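[1] Fold the following.
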Amino acid sequence: MDELTFEREYLSRGYTAVAGVDEVGRGPLAGPVVCAAVILPLEEERRILGIDDSKKLSAKKREALAEKIKEAARAYSIAEVDSETIDRINILQATRLGMKRAVEGLSVRPDFVLTDGNMTLDIQTPQRSIVKGDALVASIGAASILAKVYRDALMAKLAKRYPFYGFEHNAGYGTAEHIRAIREYGICEIHRRTFITKFWDGKLSAPSENT
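    Got it, this is the predicted structure:
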């Protein structure tokens, strides 16, 4: 990634606090969609090397970068939108809501927002969407890393409460193991019911001993 090119372009136009925003978890069958917003420092001596699309990085590399991003960022914010809300308003609107919450949660108010993909947010701040932004824009890549590390840790924690589904391995995505467990045990309260209609018979799993 050519670090901070977009952020510095907007700095040259007078924008001094450019936030990158991304999401993780649009596709899983269970768990929240998680969105993050990051304002990176632009000073050369504070540059964080190695930022990229979180999907291209190993878990170990993502976790190390997440700590560096949290330490160096001018501001960062992480927001969840739960499965019940996803079912009620659909995943696209839930993602937009999560991104808006992440932007609004920043301790430094951004004066420009860069989002990944083709996503227009319901915010007053000027914004621009960039296709494949998580691989092209440092602050969006940083947001993708924070969101991914946060969500993976959350799903690993939820795996202890709902042990049937292998959330610690699949993070709620529709793996063969996960689908087989839904068919055998039913669903739990964090499943997205609108995502599983093809292989769910309406059965609810018994509460786990850890709830």
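
[2] Apart from its chain neighbours, what residue comes closest to Phe112?
    Spatial nearest neighbour of Phe112, chain neighbours left out: Tyr15 (4.1 Å); criterion: CB to CB, 6 or more residues apart in numbering. For the C-beta atoms, the positions are set from N, CA and C on the backbone; glycine is no exception.

[3] Test my guess that the one you found contacts Leu114.
    No - no contact is recorded between Tyr15 and Leu114 when judged using CB atoms under 8 Å, the distance being 10.1 Å.

[4] So between these two, which is more surrounded?
    Counted by other CB atoms under 10 Å, Tyr15 and Leu114 do not tie: Leu114 has more neighbours, with 25 against 17.

[5] now Ser129: how far from Lys203?
    Between Ser129 and Lys203 the distance, using CB to CB, to the nearest Å, works out to 40 Å.

[6] When these two are compared, which one has more neighbours?
    Taking neighbours as other CB under 10 Å, Ser129 and Lys203 compare with Ser129 leading, 16 against 11.

[7] Just confirm the more buried one is within a helix.
    No - going by DSSP: H, G, I helix; E, B strand; the rest coil, the assignment for Ser129 is strand, not a helix.

[8] Next one: Trp26 from Leu49, what distance?
    You called it Trp, but residue 26 is Arg. Arg26 sits 28 Å away from Leu49, going by CB to CB.

[9] which one of the two has more residues nearby?
    Between Arg26 and Leu49, counted using other CB under 10 Å, Arg26 has the larger neighbour count: 14 against 8.

[10] my guess is that one meets Gln93, correct?
    No - Arg26 is not in contact with Gln93 according to CB under 8 Å; the separation is 11.5 Å.

[11] helices and strands around the worst-scoring helix or strand of the chain on mean pLDDT, which ones?
    Within the chain, no helix or strand scores below helix 133-136, which has a mean of 91 by mean pLDDT, DSSP states H and E. Taking 3 or more CB pairs under 8 Å, 6 or more residues apart in numbering; DSSP states H and E as the contact definition, the neighbouring helices and strands of helix 133-136 are strand 18-24, strand 112-116, helix 138-161.

[12] Quick one, which of these gets closest to Ala64.
    In this view, the helices and strands packed on helix 133-136 are compared for proximity to Ala64 by CB to CB, and helix 138-161 is the closest at 9.7 Å.
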